[in-house]
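1. The sequence and its predicted three-dimensional model are supplied below.
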Amino acid sequence: MIPLDSAPHGGTREIPGVPPRKGEGLKKGPSGFVTARDGGVEELARGVAEALRERTGKKPYLVVASFHRKYADCNRPPSIAYEHDGAKAVYEEYHGALARYCAAVVRRFGGGLVVDLHGQGSARDRVFRGTRNGRTNALMQERFGREVHVGPRSLMGMLKARGWAVHPEDDDGSVYFLWHSGKIARMKPDMSGLAEPYRWLKTTVPDPDPRRHSGLCARIFGKDSFDHVGFEGMFIFKAEGRYYLSCADCIEGRYSCMIAVRRDFSAPTVNATRPSLTAAITCSSRMIGASGGPPISEATKAPRGGRCQACCRSV
């Protein structure tokens with residue numbers, strides 16, 4: 001199979017007789033009106049094509065917009081892509097070439113791979129995967145499995161193995177359902193139900209003081225059960241490479257929030273706590289899943305109005 005490489009935003013040339021676009025009345029920003037070019041992308045696309053030729057002995061299809069994005073944007077619909085007939089002709093030629101090459105690949109191989117190269121300014125040392133969370137390569141995943149999208153055999157996995165910084169770094173695209181007091185389970189790919197039995201996150205160092213738990217806890221978990229992760233409102237999110245878990249509990253009658261953090265998601269547990277904005281917080285930082293998992297840290301709770309400084313550490 002011969003891949004098709006495209007690069008719509010790396011060009012620097014003028015389009016003769018065509019003034020720069022103004023974008024009057026158009027929405028600016030992502031998916032809207034943009035004139036900034038993706039520096040180095042044209043060179044990257046040509047380099048990738050040449051590397052493929054040297055490695056395979058076959059020349060891939062290559063479509064590159066050598067003109068600057070301020071004249072025409074080949075990654076936008078016609079209504080906002082150009083403002084001049086000269087730019088329209090160039091825009092249509094770009095997309096016509098893509099269509100012709102795609103048709104040729106399908107005729108010969110029954111299907112193919114389009115690699116659409118772009119730049120980004122968020123993290124200049126990092127390669128971003130842009131598949132709209134797997135939607136633009138859904139057919140490839142259907143035919144060859146999810147390992148072509150995530151994991152060590154995916155493009156991002158192979159780049160990471162060669163020392164490249166990539167984003168997302170370790171996400172596998174799975175969706176988890178979280179509820180109650182620390183229950184968590186992975187969902188089916190079509191979101192129709194749970195793909196596994198739920199796990200129940202618990203602390204390994206219980207706090208036996210009933211004043212530091214909700215009155216509901218004894219009725220839900222049993223009067224002698226103090227190893228739960230709060231009693232409601234469990235939530236996990238990821239930011240800057242760390243997973244954060246929060247869960248609500250009551251400490252001496254005050255509605256409070258426990259927050260903890262972990263670097264990976266090999267088990268849905270968290271590591272190292274930090275103060276929340278509430279007056280009292282539950283700092284649970286030695287947690288494991290109900291079905292087992294690596295221990296994390298000691299579980300403590302901040303005094304009234306205090307800050308759990310001892311738990312605020314990196315891992």
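-> Sure thing, it's come through.
2. from memory residue 125 sits against residue 165, does it?
-> Yes - under the criterion of Cβ atoms under 8 Å, residue 125 makes contact with residue 165 at 5.3 Å. In this view, the C-beta of every residue, glycine as well, is placed from N, C-alpha and C.
3. Look at those two and report which has more neighbours.
-> Comparing residue 125 with residue 165 by neighbour count (other Cβ atoms under 10 Å), the higher total belongs to residue 165, at 12 against 6.
4. need the contact list for that one.
-> Taking Cβ atoms under 8 Å, 6 or more residues apart in numbering as the criterion, residue 165 is in contact with 123, 125-127.
5. Please report how far it lies from residue 130.
-> Using Cβ to Cβ, to the nearest Å, residue 165 is found at 16 Å from residue 130.
6. And the nearest residue to residue 106 once chain neighbours are set aside, how far from residue 155?
-> Excluding its sequence neighbours, the residue lying closest to residue 106 (Cβ to Cβ, 6 or more residues apart in numbering) is residue 112, at 6.7 Å. From residue 112 over to residue 155 the distance is 15 Å, taken as Cβ to Cβ.
7. One more: residue 218?
-> For residue 218, the distance to residue 155 - Cβ to Cβ - is 52 Å.
8. go on, residue 98?
-> Relative to residue 155, residue 98 is positioned 20 Å away (criterion: Cβ to Cβ).
9. With residue 125 instead?
-> 18 Å.
10. Then residue 221?
-> 45 Å.
11. can you check residue 11 too?
-> 24 Å.
12. between the two, who's got more neighbours?
-> Per other Cβ under 10 Å, whichever of residue 11 and residue 155 has more neighbours is residue 11, with 22 against 16.
13. Surely that one and residue 65 touch.
-> Yes - with contact defined as Cβ under 8 Å, residue 11 reaches residue 65; the gap is 4.8 Å.
14. Overlap in contacts, those two.
-> residue 42.
15. Residue 238 belongs to a helix, doesn't it?
-> No - counting by DSSP: H, G, I helix; E, B strand; the rest coil, residue 238 is not found in a helix; it is strand.
16. Enumerate every residue touching residue 65.
-> 7-11, 42, 72, 74, 94.
17. how about a cut-off of 6 Å?
-> Contact analysis of residue 65 by Cβ atoms under 6 Å, 6 or more residues apart in numbering lists 8, 11, 74, 94.
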